[in-house]
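K.L.:
the following comprises the amino acid sequence and a computationally predicted model.
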Amino acid sequence: MAEQQVIADGVRLGELVAIFALGQDNAFGQPLESQMRSTLLATWLAESMGLPADVRDVVYWIGQLRYIGCTGHAHEVAVLFGDEIETRARTLLYDAASPAEVLRDVLGHALPERRGLSRIGAVLSLLAGGRKFAEMNFRTGCEVADVIAGRLGMPQTVREALGCTFERWNGKGQPNGVAGQQIPLGMRVVHLTHDMEVLARLRSPAAAALAARRRSGSAYDPALVTGFLGVADELFDRLGKLDPWDEVLALEPAPHHVLRGESLDAALEIAADFIDLKSPYTAGHSRGVAGLAASACQRAGLAQDEILTARRAGLVHDFGRTAVPNSIWDKPGSLTHAESDRVQLHPLLTEQMLRRSPGLEQLKHLAACHHERADGSGYAKGLTSSQMTPAARILAAADRYHAMTEPRPHRPALSPPAAAAELRRMATEGHVDPDAAGCVLAAAGHQANPVKGRPAGLTAREVEVLKLAALGLTTRAIAQQLVISPKTADTHIQHIYTKIGVSTRGAAALFAMQHDLLP
């Protein structure tokens, strides 16, 4: 574990790439660390077959980054198949080197919103131009992967291998029909072991071995299949006895590159772009939120390290979005309860991913607060203003303002003045912290006049109760004056104490005085 400790302000490149792998797991509907498990199989197979060290290094990096371009064409896949995450999960099981299997999948699942004869005609039209669509779709994934890998500083051998992510040994892959030994050896290893990990996990090791035999010479390099079958039982047994995260980081090729300062910021910007590519409606969102939050934190007088942390948290705050399909993110109408439930999980997933990395763990709480509300009505934890740091309150306000200025499938973008007016309304109604809203609006170039609102997300009735309690009225007296039951008055008092973070009348009175709530 010593290898994973934070080095000053640094994050190992392997840690960041491992976080990317978790994002890809989400995008393919697989349990976290699935891609790491397949990377371990790939590196172990390469070792067992005595492949050169430079090939093993390529195997390691492309094992982690194979589907890093997945967000680049998520929208297009969702347009044709609906839930693109479910679609990708399905493709992991069939033989992509078999045109018949691919055709069956398209016939069975394309255009799910169509019904009857309308769907049949539309699917037939799709098949007519299907190869061109598939080629463009997979080319997008490869090009995005190449750009991201280049920005991460990956060597050319890794980038060339990623260009063959969807190719197959028999030349029936995409987008260029590369065949046989023209596919880089490292990627041929990963083609085999990625499929084997999924088949062994979802079916059985025996089913994986059988598929390897059947697909030898079509999807996979026959020599690699032979090598794999000789050690498959040993590798699967080994895989079941370790922690994939720790083991993958231990295998990171030396020397370990550590990202610090500007290089870390640049790497987190790559993460932001990976996230925001998922939907055409979110292009540039994370960068925009990060910049706005940092500027607002500076106006709030926060310390420099808090400002830096807020910016970095803003860059990665939406990492969990990869687990929610574009059929939900890009839906033009209202979400169902089930769809809303999935959306409301994404901050928790962001936190879950970031906490894996010692170097990024400090960002997890802040990043996960971006949909919380001052009055406790937000998600995913229902935190109130008093339970969030000033930076967290600002990040939440920045996310709301910036999102309002961007188009969404169910509404056009608001003009900056209209978004400012809406944020002020949210502050007045207790959804957004007034001080945080004021700092965000000032940072966005609006007049820096104070935003009048109820502090800590208190409702109008709660402010009334707090005023009376601060003046020394008993619960019964408050109830009589406001014409409510004593039980209701007591409930209000308990909610007030929770929101403002106190447990006594005296402390509540101090809060009321501090926020000018008394006559």
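P.N.:
The structure has been received and is ready for your questions.
K.L.:
list the buried ones in stretch 151-167?
P.N.:
In terms of neighbour count (16 or more other Cβ atoms under 10 Å), stretch 151-167 has its buried residues at 152, 154, 157-167. For glycine as for every other residue, the C-beta is placed from the backbone atoms N, C-alpha and C.
K.L.:
one more: stretch 453-469?
P.N.:
In stretch 453-469, counting by 16+ other Cβ under 10 Å, buried: 453-459, 462-469.
K.L.:
so where's the stretch 51-200 of the chain uncertain?
P.N.:
Filtered on pLDDT under 70, the stretch 51-200 of the chain yields the residue ranges 103, 107-111, 115-131, 133.
K.L.:
try 80 this time
P.N.:
99-100, 102-134 (pLDDT under 80).
K.L.:
swap in the chain?
P.N.:
Per-residue confidence for the chain (pLDDT under 80) gives these ranges: 1-9, 99-100, 102-134, 447-453, 514-515, 518-519.
K.L.:
strands along that one, start to end?
P.N.:
For the chain, applying DSSP state E gives strands covering 11-12, 258-259.
K.L.:
returning to that earlier point: just the ones of the buried residues of stretch 453-469 in helices?
P.N.:
462-469 (DSSP state H).
K.L.:
related to what we said a few turns ago, which one of the strands of the chain is the most hemmed in?
P.N.:
strand 11-12 (a mean of 22; mean count of other Cβ atoms under 10 Å).
K.L.:
elements contacting that strand?
P.N.:
Here strand 11-12 touches strand 258-259, going by 3 or more Cβ pairs under 8 Å, 6 or more residues apart in numbering; DSSP states H and E.
K.L.:
run the chain-centre distance for the strand it packs on.
P.N.:
On the basis of Cα atoms, centre = their mean, to the nearest Å, strand 258-259 sits 22 Å off its chain's mean C-alpha point.
K.L.:
helices or strands up against that strand?
P.N.:
Secondary-structure packing of strand 258-259 (3+ Cβ pairs under 8 Å, 6+ apart): strand 11-12, helix 13-27.
K.L.:
what lies in contact with that strand?
P.N.:
Residues outside strand 258-259 that contact it (Cβ atoms under 8 Å, 6 or more residues apart in numbering): 7, 10-13, 16, 267.
K.L.:
care to break the chain down by domain?
P.N.:
Domain segmentation of the chain under automatic domain parsing yields 20-250, 258-456, 458-514.
K.L.:
hey, which helix is longest across this structure?
P.N.:
helix 130-151.
K.L.:
which strands and helices lie in contact with it?
P.N.:
Packed next to helix 130-151, using 3+ Cβ pairs under 8 Å, 6+ apart, are helix 53-65, helix 74-81, helix 156-162, helix 261-276.
K.L.:
can you pull the buried residues of that helix?
P.N.:
By neighbour count on 16+ other Cβ under 10 Å, the buried set for helix 130-151 is 130, 134, 137-149.
K.L.:
which pair of these spans the longest distance?
P.N.:
Greatest spatial distance among those (Cβ to Cβ): 130 and 149, at 28.3 Å.
K.L.:
ok, the closest residue to residue 282 other than its chain neighbours - contacts?
P.N.:
Distances taken as Cβ to Cβ, 6 or more residues apart in numbering place residue 276 nearest to residue 282, at 4.7 Å, with adjacent residues excluded. Neighbouring residues of residue 276 by Cβ under 8 Å, 6+ apart: 71, 282-287, 318.
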